[in-house]
Every structure is written in structure tokens, then in C-alpha cells.
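Participant: got a structure for you, letters missing:
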């Protein structure tokens, strides 16, 4: 069996520059990463690279190494991020990554059995400065018919849940919270002065002091303040640099951006466009270290007013009244739209350009889950799987991964499936789009009987001839002795 396995490896490819993936017949070239970005997307194609990245999870090395299941059309690659010589942790989601196969973008399509999945591994906490922007406008004192508390009390309950405090103040890394409230005008620090809250007790005490203050909801201006003005303050910038902390902005509101009494929904389209451009400029500023560019999450308390809203497919699509408001373009906000639900379209747009996520919840428990996710853990490495038609894997191919956000980082690699046979084959998983690897011994246990039959059949005909001779009594006569003269 060992000799057979060695033979398969020998004939699979003669190029010494290609890396052999132990336990498979797959060969893989040297990955190429873009080197003109703030961060590097590093593909993990060797066992020693996986060992260095995975640290204490050596058992996951088989998942880390590349694999191609040609029969099912599956390709798997793993990667991590680097900044210089140091690992760099990002809260990457599927939407942040594009996959190309031989130069063509892989677009998910259930009908044609095309899938892409990003699986994070090894969660870790990173040093962060959380900037909480809490809406304290007049509507936060309202008690909804489905709730047993007013909106502000629901928010305070959510922010002081144990799982939320554990997310904001993990025990293994240094973090802090800046707590701000906003209505109209400039946002104000809760308690009257800027405080770096570094423990759960002080944080909980300050949360309990928040009260609705009335006024309109200057949501857009509050996020601009947090992303630009606040991060430029000397004491804030110094705290982040000393503690090597990344800023994460989390804005909570219960309604719409509303700046004056006669505002209608479409008035917010140009305002939101200005905010979107500001966030793009701040997050793309080449003079600012990528570690200190803010991530922005948005949280809404209530019911989405456009439950079927989807962001435009164009990455740089402009905000318009139709896209933002649908049929509500000329509907007044104050006393009308704000009583019907949350402007989830604005929240989604802001979070998307801020590289974060948006949530709309109605209960303290739901808000708590949203805050916990906004204080997201980062991951040591990611496993990327994609599935296409098997005919696309008949010969060598190039896979390219590109990070669409955070930074313009990409990497590509050429993979060489065995021209004769793929080992080990995959086994379909129940209720899953994917297959799982089987051991090489399983493959050989199937292959050995087949090879034995191939050897046996050419020998069968001579064997049958000899048997017939024996049964008929016909035996080869010995040669006659030579006569001597």
C-alpha cells in the first residue's frame, strides 16, 4: 500500500517547485499576495504555516491545508492577515471577501449548485476602544405597547447584561468604553466629561445615569462626530496608541435622523450621502494607520420600516430618496414616520460603509445580542470553501481571494489536481452542501481490489488453457534423447 501511494505521488506531477499536500494527490504552487496594501492576505498552503498560525489547535491542521474534491467541484483554502511581520485580526464576514476562479468571479447560485462559505476559526479578543453613541431624544421616553418598560430602560437593561459587559471588558486584553449621548447639537459625554471606562462597575454606574433629554435626533452628526472629531482628540488618540487599541463605534437609536420639525424622509438622502463620503474618507485615509481607522456598527430599537430593504449592488451607489425611503419620500418624520418604525435603511448603509453590521431589535435580550456581536471577537484564521461545476476542476486552475473592505488586499494561488486520480475522495455530509475528507487508507482499501482485478484478468486466459490441458490428459511430452552416432 505504501509503495502504491508513493507511485501515485510520483506520477502526479514532476515539478519540484510545487508543494505537496500530505495525504492527498493535490499539488499547489507558491501563493502570491499583493504587497501594496496596509495589510497582507496570507494563504496557508504548508503544514508549518498552519502550525504557526493555529497555535494550540493542531488537530485542525487538516482543515487548514488546501483540498480539492474534483468530483464534487469543491475547493478549500485557508488564510490569515498580516501587518508587516505581525498577525492582524479583522472581523471579516462573507460579504467582505470576493472569490475568483480562473479570472471569473464565483457568484453564489443555489440553482446551479454554486456556493461560497467563509468559516472563522480560533476566536480571540483584541484591544479595542468602544465608543457608544446612545440616542437620548424625546422618543426614548416612550413605552411601546409590546414592552413593559420605556425605550431608555430597555436600552440600559441591555447594556448592563452580563454577556454585554463581558464582551466590552474581556479579561484577557485591555479595552475601554467611551459613553456618549446625542439628541440635537453636539453629542455629550455621559456624566459631563470624557471618561475612559476600563472596568465593569464604573461602566454600569454610568449607564444607569442615562436619561432621555428631549429634542430631535441628530443621528448622522453624532456618527460623524465619533468617527472624525472624537478620534482626533489628543487624549483619545494617545490612549489608542499607548494601548494599541482599535476604535469601534456603536450607535443606537430608536428612529430616524431628524433635524427639524418639517423634515421628510427624502431630506435625509443628501445628508446620508455626505456622511457616507465622510466615513469613506476617514477609513481610507492613507495617513492614518489602519489599526486606528474606526469600525462602525448601528443598532436600532424598534421595528424596521423597510423590512425588505437591500443595499444597492453597486459598491459606490449614491443615496437617493427612492433607495432610502421607497414610498415614504415625502412623508414627514416628526410625529409620523418615527412612530411607525426604525430607519433601517440608513442604519444598514452606515454600517456597510463603516465595515460593521447593522441590527434592529425590539427587546432588551435582542439588543444585548446585537451589542455583543458589535463587540465582535476577531479570529486567528479563516477557512474559505467554494463549490462550482466539477468540469472547472479538470485541470490546473488559479484561485484568487480579495478583501473588498478594510484594505485592498488580495492573494492568488495555482492548484494542480491529479490528472489520473483524486485521493482521498470526499464523502457527502448529511444536510450540507459540502463533503468531508476520508483517510488515504480508505482510498487504498478501495483501490487495491481494483488493481488486483486488473492484474488477475490478464493472467486468467493462460490459467484456463493449462487447466484444460490437465483435464484432457494432454501434457507436454518430454523431449526425446538425442541419438549418439
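Facilitator: Looks like it came in fine. Just so it is clear, the model here is predicted, and its values are computed rather than measured.
Participant: burial measure for residue 129, as a count.
Facilitator: For residue 129, the count of nearby residues is 22 (other Cβ atoms under 10 Å). Every residue, glycine included, has its C-beta placed from N, CA and C.
Participant: hang on, it packs against residue 235?
Facilitator: No. The criterion here is Cβ atoms under 8 Å, and residue 129 misses it with residue 235 at 11.3 Å.
Participant: Please report the distance of the spatially most central residue of the chain from residue 187.
Facilitator: Centroid check for the chain by Cα atoms, centre = their mean gives residue 93 as the closest residue, at 2.2 Å. Distance, residue 93 to residue 187, by Cβ to Cβ, to the nearest Å: 28 Å.
Participant: Ok, residue 414 next?
Facilitator: 51 Å.
Participant: Check residue 293 too.
Facilitator: In this view, residue 293 and residue 187 are 20 Å apart by Cβ to Cβ.
Participant: With residue 257 instead?
Facilitator: Following Cβ to Cβ, the distance that separates residue 257 from residue 187 is 14 Å.
Participant: same question, residue 312
Facilitator: Taking Cβ to Cβ, one finds residue 312 at 29 Å from residue 187.
Participant: now residue 84
Facilitator: With Cβ to Cβ as the criterion, residue 84 and residue 187 are 35 Å apart.
Participant: For the two, work out which one has more neighbours and name it.
Facilitator: residue 187 (23 against 9).
Participant: what's near enough to touch that one?
Facilitator: Taking Cβ atoms under 8 Å, 6 or more residues apart in numbering, we find residue 187 in contact with 133, 180-181, 221-222, 225-226.
Participant: let's see it at 6 Å
Facilitator: 180, 222, 225 (Cβ atoms under 6 Å, 6 or more residues apart in numbering).
Participant: Next step: those restricted to strands.
Facilitator: In this view, the contacts of residue 187 that belong to strands under DSSP state E are residue 180.
Participant: could you dump the contacts of residue 187 to JSON lines with distance to residue 198 and pLDDT?
Facilitator: Below are the contacts of residue 187 laid out as JSON lines (distance: Cβ to Cβ, whole Å; pLDDT from 0 to 100):
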{"residue": "180", "distance to residue 198": "17", "pLDDT": "98"}
{"residue": "222", "distance to residue 198": "23", "pLDDT": "98"}
{"residue": "225", "distance to residue 198": "22", "pLDDT": "98"}
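Participant: Around residue 110, how many other residues sit close by?
Facilitator: Neighbours of residue 110 under the rule other Cβ under 10 Å: 8.
Participant: roughly how far apart are it and residue 116?
Facilitator: 12 Å.
Participant: Residue 252 - that's part of a strand, no?
Facilitator: Yes. Assessed with DSSP: H, G, I helix; E, B strand; the rest coil, residue 252 lies in a strand.
Participant: Does it touch residue 299 like I think?
Facilitator: Yes. Using Cβ atoms under 6 Å, residue 252 makes contact with residue 299 at a distance of 4.5 Å.
Participant: Could you count how many residues lie near residue 381?
Facilitator: Neighbours of residue 381 under the rule other Cβ under 10 Å: 24.
Participant: Going along the chain, name the strands of the stretch 1-150 of the chain.
Facilitator: Ranges of strands within the stretch 1-150 of the chain are 19-20, 27-28, 32-33, 40-44, 67-69, 74-83, 86-87, 97-101, 104-105, 115-124, 128-135, based on DSSP state E, counting those that start in this stretch.
Participant: Neighbouring strands - and their directions - for the third one?
Facilitator: Strand partners for strand 32-33, identified by DSSP bridges, are recorded as strand 409-416 (antiparallel).
Participant: ok, and what's touching the partner strand?
Facilitator: Here strand 409-416 makes contact (Cβ under 6 Å, 6+ apart) with 13, 27-29, 31-34, 37, 39, 41, 43, 396-398, 400-403.
Participant: Verify the stated contact: residue 304 with residue 342.
Facilitator: Yes. Counting by Cβ under 6 Å, residue 304 touches residue 342, with 5.5 Å between them.
Participant: which neighbours do the two share?
Facilitator: Common contacts of residue 304 and residue 342, defined by Cβ under 6 Å, 6+ apart, comprise residue 360.
Participant: and residue 158, what does it touch?
Facilitator: So residue 158 contacts 364, 367-368 (Cβ under 6 Å, 6+ apart).
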